[in-house]
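**Q** Show me how the following folds:
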Amino acid sequence: MKKFVLFLPVAFLLLSLDRIAPDRVFPPAAAMVSTWDEAAPTLPGRNEGRFGLPGDPLNLVFIGRPKALRDALRSAGWTEIPTSVRGSIWAGLREFLTGRPVAAFPPMNDYRLRGRRQDMNWALPVRFLQERHHFRLWRTGTVDRRGRDFWWGSANYDLRARWRDLSHVPDPDANRERDFVVSTLSRSPRLRTLLILPAPRVPADGFNDKGYPFRTDGRVAVIDLR
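**A** Numbers count the residues shown, from 1 in each chain. Sure thing, here's the model as predicted:
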């Protein structure tokens, strides 16, 4: 088992070579909006997966500064995973070799929003290597009148691993994982408001870049943080 786990980092690095293109950067001035109704039409309904193929649907939006976001998620039991494959591999190996619960491994593949890799990864492990709650977050470049960021999020529940391409088979019901994330934050002192609202560009169903099906009700959790 240990030899198998030590082999996985090499395989993950090889499979991440299609994501070496540089990130795009935000324009000099961020777009400013007052409300979710103003922001919603500007946000893509899906991210971009491997080789630029359409990825997973939007189902989370956070409004808040990075510190408020991290404080709220850590207190709710979520673990932040490094955004680079290499960083996640080393963090996971340290956990594994020191006998700690492994939360940072396996790494999350790079996905992009408007040409930019995710800014944060968060996970709650359930079964080693196979099963976990997780989501990715991107800074959108849009802020509210207080200067707080809008973060685009895509959450999935990984049911099991597909070893031939080192991907995870997600629960096709994207609403269920959205609602789970909401449940973990419902009592956070950082929470200002939490609403489930329509997002006009989110598709009702489809397949992601790896061929996995998904379905949604076209709504997202809008989580406003203090």
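**Q** Could you give the bridge partners of the spatially most central residue of the chain?
**A** Centre of the chain computed as the mean C-alpha position; nearest residue by Cα atoms, centre = their mean is residue 136, 1.2 Å away. Per DSSP bridges, the residues bridged to residue 136 are residue 121, residue 154.
**Q** which ones are touching it?
**A** Contacts for residue 136 (Cβ atoms under 8 Å, 6 or more residues apart in numbering) come out as 47, 108, 111, 118, 120-122, 153-154. C-beta: built from backbone N, CA, C; applies to glycine.
**Q** what would those residues look like in CSV with neighbour count?
**A** Conversion of these to CSV gives the following (neighbours: other Cβ atoms under 10 Å):
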residue, neighbour count
47, 23
108, 22
111, 22
118, 22
120, 21
121, 24
122, 23
153, 24
154, 26
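**Q** Sort the residues you listed by pLDDT and name the bottom one.
**A** Lowest pLDDT of the contacts of residue 136: residue 108, 82.
**Q** So what does that residue have for phi and psi?
**A** Taking degrees, to the nearest 10, you get phi -90, psi 130 for the backbone angles of residue 108.
**Q** Show me where this protein dips below the pLDDT cut-off.
**A** Applying pLDDT under 70 to the chain flags the ranges 1-22, 24-30, 104.
**Q** For stretch 64-82, which outside residues touch it?
**A** For stretch 64-82, contacts defined as Cβ under 8 Å, 6+ apart pick out 62, 88, 90-91, 103-104, 107-108, 120-125, 134, 137, 148-149, 151, 184-185, 188-191, 223-226.
**Q** And those, which of them are buried?
**A** Using 16 or more other Cβ atoms under 10 Å as the burial test, those include 62, 88, 90-91, 103-104, 107-108, 120-125, 134, 137, 148-149, 151, 184-185, 188, 190-191, 223-225 as buried.
**Q** which residues in the protein form helices?
**A** Per DSSP state H, the chain carries helices over the ranges 2-15, 36-39, 66-75, 85-97, 174-185.
**Q** got a markdown table for those, with distance to residue 144 too?
**A** Below are these laid out as a markdown table (distance: least, Cβ to Cβ, whole Å):
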| stretch | distance to residue 144 |
| --- | --- |
| helix 2-15 | 37 |
| helix 36-39 | 8 |
| helix 66-75 | 13 |
| helix 85-97 | 30 |
| helix 174-185 | 19 |
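**Q** All good on my end, thank you.
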